[in-house]
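Participant: Structure, please.
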Amino acid sequence: MKGTYEKRIIAYADIIGWRNASNDISQCNRLYDTVKKIEGYAKKFSKEIKQKLRNASGVFKKNIQEHSYIEFSFFSDNFAVSAPVDYGQMIFKIMAWTCHDLLREEFLVRGGVTIGDLTHYQGVIFGPALVEAVKLEQEKPHYPCLLCSNELGRYLEQTDYKNEVVLIDKYQKLVVNIGTCGSS
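Facilitator: Take a look at the predicted model:
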């Protein structure tokens with residue numbers, strides 16, 4: 001992990017309205033509760049949980065492997081989730097679950113999802129794929145969504161799960177389908 005890039009699918013998201021809520025002291029408890037929920041997702045992919053899962057009996061080896069490669073980082077009003085391409089389908093489900101939880105707290109999400117070279121391990125994240133995902137988020141589409149890169153779209157064409165996790169919006173952009181990809 002240290003000092004190397006690997007090809008990963010990465011989703012980077014910005015929580016819309018977080019800055020304004022942070023400036024309102026009456027929102028402090030709400031923000032705290034929301035952070036704890038997101039932190040819960042990040043903890044599910046912590047080093048400690050990964051080790052417990054590896055040592056657990058009765059868990060399918062495929063599930064242990066998939067879980068061990070997923071990374072989740074949360075910082076300020078942003079979060080990033082990534083996995084090696086072989087386990088990339090889970091990224092879409094995790095994003096859907098997280099976006100649904102944030103929506104319940106009255107926060108929307110805008111972000112970018114791509115595929116490329118990345119280092120993401122135990123909270124450390126950097127690489128060209130992160131730069132591209134942030135750039136996608138900064139395109140600021142006409143509505144809150146998770147825009148997908150063209151390269152990710154080409155990759156998804158080769159999978160059997162593309163139609164479950166993405167859709168084409170009215171602006172002809174490929175976006176994550178948070179409405180259904182987290183339900184299965």
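Participant: State which strand of this protein is the longest.
Facilitator: strand 108-121 (DSSP state E).
Participant: Beyond that strand, next helix or strand please.
Facilitator: Following strand 108-121 in sequence order, the next helix or strand is strand 124-126 (DSSP states H and E).
Participant: Can you name the next helix or strand after the worst-scoring helix or strand of the chain on mean pLDDT?
Facilitator: Within the chain, no helix or strand scores below helix 61-69, which has a mean of 54 by mean pLDDT, DSSP states H and E. Toward the C-terminus, helix 61-69 is succeeded by strand 71-75 as the next helix or strand (DSSP H and E).
Participant: buried residues in whichever strand or helix holds residue 99?
Facilitator: Per DSSP H and E, residue 99 falls inside helix 89-104. For helix 89-104, a neighbour-count test (16 or more other CB atoms under 10 Å) marks 89, 91, 92, 93, 94, 95, 96, 98, 99, 102 as buried. In short, each C-beta sits where N, CA and C put it, glycine included.
Participant: Now the fifth one. Nearest residue, chain neighbours left out?
Facilitator: Here the nearest residue to residue 94 in space, its sequence neighbours aside, is residue 81; by CB to CB, 6 or more residues apart in numbering that works out to 5.1 Å.
Participant: Ok, the first one next?
Facilitator: If the residues on either side of it in the chain are set aside, residue 89 comes closest to residue 161, at 5.1 Å by CB to CB, 6+ apart.
Participant: hang on, the earlier thing: list the contacts of the helix holding residue 99.
Facilitator: 9-11, 13, 15, 34, 37-38, 41, 66, 70, 72, 79, 81-83, 108-109, 111, 113, 146, 159, 161, 164-166, 176-184 (CB atoms under 8 Å, 6 or more residues apart in numbering).
Participant: okay, the angle between it and strand 71-75?
Facilitator: Orientation of helix 89-104 against strand 71-75 (axes from the mean of the first three to the mean of the last three CA atoms, to 10 degrees) gives an angle of 30 degrees.
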